[in-house]
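1. Just need the structure, nothing else, for what follows:
(one chain, ligands or ions: 1)
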Amino acid sequence: MTLEEAMRSRHSVRAYQARGIPGEIRERLDEMAETCSRTGNVHIRIRYDDPDGFDSRLARYGRFSGVRNYIVLAGREDADFSLRCGYYGEKLVLFAQQLGLNTCWVALTFNRKKVKSILEDGERLCMVIALGYGINGGVPHKGKTFQDVTEGEDGPEWFRAGVEAALLAPTAVNQQKFCFGYAQGEATLRIRGLGSCLRTDLGIVKYHFEAASGHPVRVV
Ligand SMILES: Cc1cc2nc3c(=O)[nH]c(=O)nc-3n(C[C@H](O)[C@H](O)[C@H](O)COP(=O)(O)O)c2cc1C
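-> I've put the predicted structure just below:
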């Protein structure tokens, strides 16, 4: 599966099969998590066969079921921490999709006390991502259009491809509160509007744009 196919077929999945993740798939995920941690200066751990992370009233309220694997995004906090968690977390999400797995970013509806207990001293928890074989592959979200999330010049074909890929990205409550601009050969990205998890969303969207367009986007 190409990265573009992974972006198109990825949807949030909240109900999972009991089927475990095979050893060779775990190895590949762990390797990617380690690479992302190193490059992104974040601490990404993957917890396998650990249903406690989603064993709470809040998780059930959040319609999660059968979650027994999850990705923990944590690290030392600085100005770009949430943005980097979004960027590298989504890189791992799309890699998991390519390996036939399903995911869902989760800011609220997990067992925070349990997840926090596995962090190192001084580490801050950004959020978690549920991981496993879904009961189904989820459904496409309804979303904004190219016009809704861009400003300035039209931009070349690579800019359009990047924005179209960004529109496929997950954002908290599907808020899509971002805006791309193009001027003098350069793409920019900024938050537009109010909401929660906006910096993490921005990192996620930045990854989609850059992976699809092959061009960097400057966050402003
Ligand atoms: C940063 C972030 C936080 C999220 N938090 C939650 C959450 O707490 N509970 C939940 O059920 N879904 C959560 N989601 C999933 C979004 O609701 C979902 O991505 C959005 O509705 C778009 O749907 P899609 O992922 O299927 O494209 C979160 C997504 C992101 C990106």
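2. worst-scoring helix or strand of this structure, pLDDT-wise?
-> helix 57-61 (a mean of 76; mean pLDDT, DSSP states H and E).
3. Report whether the helix or strand following it contacts the ligand.
-> Where DSSP states H and E defines the elements, the next helix or strand beyond helix 57-61 is strand 69-75. No. Legend: contact between strand 69-75 and the ligand by Cβ under 6 Å from any ligand atom is lacking; minimum distance shown is 9.8 Å. For the C-beta atoms, the positions are set from N, CA and C on the backbone; glycine is no exception.
4. Provide the contact partners of strand 69-75 at residue level.
-> 21, 33, 41-50, 53-54, 81, 84-85, 88-89, 92, 103, 106, 110, 115, 118-119, 123-132 (Cβ atoms under 8 Å, 6 or more residues apart in numbering).
5. how about a cut-off of 6 Å?
-> 21, 42-48, 53, 85, 89, 119, 123, 125-132 (Cβ atoms under 6 Å, 6 or more residues apart in numbering).
6. Narrow those residues to those that are buried.
-> 21, 42-47, 53, 85, 89, 123, 125-132 (16 or more other Cβ atoms under 10 Å).
7. mind listing what the closest residue to the ligand within the chain touches?
-> The ligand sits closest to P170 of the chain, with a gap of 3.0 Å, by Cβ to the nearest ligand atom. Applying Cβ under 6 Å, 6+ apart, we find P170 in contact with W105.
8. Direction included, what does the longest strand along the chain pair up with?
-> Across the chain, the strand with the greatest residue count (assigned by DSSP state E) is strand 124-132. In the sheet, strand 124-132 lines up against strand 69-75 (antiparallel), strand 102-106 (antiparallel) (DSSP bridges).
9. closest one to A6 among the ones you listed?
-> For A6, the closest of these is strand 102-106, at 10.7 Å, according to Cβ to Cβ.
10. contacting residues around the helix or strand that the closest one is followed by?
-> Downstream of strand 102-106, the next assigned helix or strand under DSSP H and E is helix 112-116. Helix 112-116 has contacts (Cβ under 6 Å, 6+ apart) with 52-53, 125, 128.
11. who in the protein is up against the ligand?
-> So the chain meets the ligand at 11-12, 14, 62, 104-109, 138, 141, 170-174, 197, 200-201, 204 (Cβ under 6 Å from any ligand atom).
12. Just the buried ones among those, please.
-> By 16+ other Cβ under 10 Å, the residues of the chain next to the ligand give 11-12, 14, 62, 104-106, 109, 138, 170-172, 197, 200-201, 204 as buried.
13. of those residues, closest to E77?
-> Looking across those and measuring by Cβ to Cβ, the closest to E77 is T200, at 12.9 Å.
14. gap between that closest one and A107?
-> 8 Å (Cβ to Cβ, to the nearest Å).
15. can you check R47 too?
-> R47 is 17 Å from A107, by Cβ to Cβ.
16. can you give me the helices for the chain?
-> Here the chain has its helices, by DSSP state H, at 3-9, 23-40, 57-61, 81-98, 112-116, 157-167, 198-213.
17. any idea which of those scores lowest on pLDDT?
-> Across the helices of the chain, helix 57-61 has the smallest mean pLDDT, namely a mean of 76.
18. Quick check: closest non-adjacent residue to R8.
-> Nearest residue to R8, sequence neighbours excluded (Cβ to Cβ, 6 or more residues apart in numbering): L168, at 6.4 Å.
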